[in-house]
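**Q** Provided below for reference: sequence and predicted model.
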Amino acid sequence: MDGTWKAGGSTVCTTQLLAENKQLREFVNSIEKPIETEQPTTSSKPGQATIKPQNSPAEPEAPLSSLLAFSQTLKSFRNEPIEPQQFDEQLSKLLDMANIMERLSQLEQSLAKKDQDIASLQQQLTTAKDDIQNLRATIPSTPTQSSALSKLDIPAPSKFDGKPYIEPFLQRVENYFIATGNSGTADQRKIAFAISCMEGNSIGWWIDLHHIKQADAATKGSNRFSTWEDFKKALKTAFPDYNSHVRAYDQFIELVQGKTPTSAFIAKFKTLAARAKQLDKKNKANLILQFKRALGPNLLRQILSHTPLPTNIQGWYDLASTLDAQQRGAGTHYKPTG
């Protein structure tokens, strides 16, 4: 039995309200479903009119765009709300992306600045090259170091005939290399030059033997002596000077300054001491004693009046040189022998 009541002066039927509520729910459900484009129903025969289904619901009067917007709004309200921690995470990601974009922008600006700097340096380099070319054009050509050395009148070392000693000959050859700027030349060239400065019956056999062994080594792609030092060692072995240190010691103990300038005397004293093997620490006292004995009397008196006296041989060398220089600086022609 249908009930009725009055609302606002109007009589309302319960059955009518239920029917309208059902229609409203069907309308909402139809909006939430994807809206399908109406497909025409083809007849079985051409020319017949299209027949719509009798039971199809009535289409809403709202426009299509409004229905879609409304459907999306309903769906959005149905979605669950974003949790706070998820919101912070999404916000952090957005901030990171913003920082990355800002950094990329800074890098782009830096690269652009570096490109400008490189272009400026290239321009400066081009200008410098042009300046160098212009400067070279204004400078007259000068002889190179090798050509300048070749103009020096440097005599070749005297020939070595196997006597008396090989050591002085090797020293002369090496001094020639230094004076002519050939210290760094190839060792094989040095060896060939030294052999060209050797002749005579006493050494001819050694030269012939060397050429034979060198030819044999050449067939194997090598040399008899690999280095200049190997060559010198072989010569010293072939022409030994067994009494060199004995002679040097005799010269050392007999050395006196005489009229020799102090600088030259000290150099000679050092050389003979080395050859006589007197530079060992065990000979420290004897070395000073020999130096005092060999010095000129006047210079020795000057040193002995100095306080304190040197305690090592280098101190004696230095003091002797200093006092000699003072005498010469004062205008006194110092005579070592007095």
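**A** Here it is on my side, so go on.
**Q** Flag the shaky bits of the stretch 1-150 of the chain, pLDDT-wise.
**A** Scanning the stretch 1-150 of the chain with the threshold set as pLDDT under 70 gives 1-91, 140-150.
**Q** again, only this time at 90
**A** Within the stretch 1-150 of the chain, the ranges that satisfy pLDDT under 90 run 1-117, 119-150.
**Q** so Asp241 touches Lys163, yeah?
**A** No - at 10.1 Å, Asp241 does not count as touching Lys163 under the criterion of CB atoms under 8 Å. Where C-beta positions appear, they are placed from N, C-alpha and C, glycine not excepted.
**Q** more crowded one of those two?
**A** The residue with more neighbours, out of Asp241 and Lys163, is Asp241; 14 against 10, by other CB atoms under 10 Å.
**Q** Please list all residues in contact with Ala186.
**A** Contacts here follow CB atoms under 8 Å, 6 or more residues apart in numbering; on that basis Ala186 touches nothing.
**Q** And the pLDDT for it?
**A** Per-residue pLDDT puts Ala186 at 94.
**Q** Show me what the strand or helix carrying Gln327 is packed up against.
**A** Using DSSP states H and E, the secondary-structure element containing Gln327 is helix 313-329. Applying 3 or more CB pairs under 8 Å, 6 or more residues apart in numbering; DSSP states H and E, one finds that helix 313-329 contacts helix 262-275, helix 284-294, helix 297-304.
**Q** ok, and for it, which residues are buried?
**A** Ile313, Trp316, Tyr317, Leu319, Ala320, Leu323, Asp324, Gln327 (16 or more other CB atoms under 10 Å).
**Q** Farthest-apart pair in those residues, please.
**A** Using CB to CB, these span at most 21.6 Å, a distance reached by Ile313 and Gln327.
**Q** For the closest residue to Thr262 other than its chain neighbours, give its distance to Ala264.
**A** In this structure, Thr262 finds its nearest non-sequential neighbour in Asp324, 4.0 Å apart by CB to CB, 6 or more residues apart in numbering. Here the criterion is CB to CB, to the nearest Å. By it, Asp324 lies 11 Å from Ala264.
**Q** How about Arg328?
**A** Distance of Arg328 to Ala264, given as CB to CB: 14 Å.
**Q** what is the rounded mean pLDDT of stretch 311-322?
**A** Stretch 311-322 comes out at a mean pLDDT of 92.
**Q** Kindly export that stretch (C-alpha atoms) in PDB.
**A** C-alpha atoms of stretch 311-322 as PDB (Å, rounded to 0.1, in the frame of the first residue of the first chain):
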ATOM      1  CA  THR A 311     141.800  20.800  12.000                       C
ATOM      2  CA  ASN A 312     141.400  19.100   8.600                       C
ATOM      3  CA  ILE A 313     143.200  19.300   5.200                       C
ATOM      4  CA  GLN A 314     140.300  21.200   3.500                       C
ATOM      5  CA  GLY A 315     140.700  23.900   6.200                       C
ATOM      6  CA  TRP A 316     144.400  24.200   5.300                       C
ATOM      7  CA  TYR A 317     143.500  24.500   1.600                       C
ATOM      8  CA  ASP A 318     140.900  27.200   2.300                       C
ATOM      9  CA  LEU A 319     143.100  29.200   4.700                       C
ATOM     10  CA  ALA A 320     146.100  29.100   2.400                       C
ATOM     11  CA  SER A 321     143.900  30.300  -0.500                       C
ATOM     12  CA  THR A 322     142.400  33.100   1.600                       C
END
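**Q** Low-confidence bits of the stretch 201-338 of the chain, can you list those?
**A** 201-205, 236-252, 259, 271-286, 306-307, 311, 324-338.
**Q** swap the cut-off to 80 and go again
**A** For the stretch 201-338 of the chain, applying pLDDT under 80 flags the ranges 202, 241-245, 279-283, 328-338.
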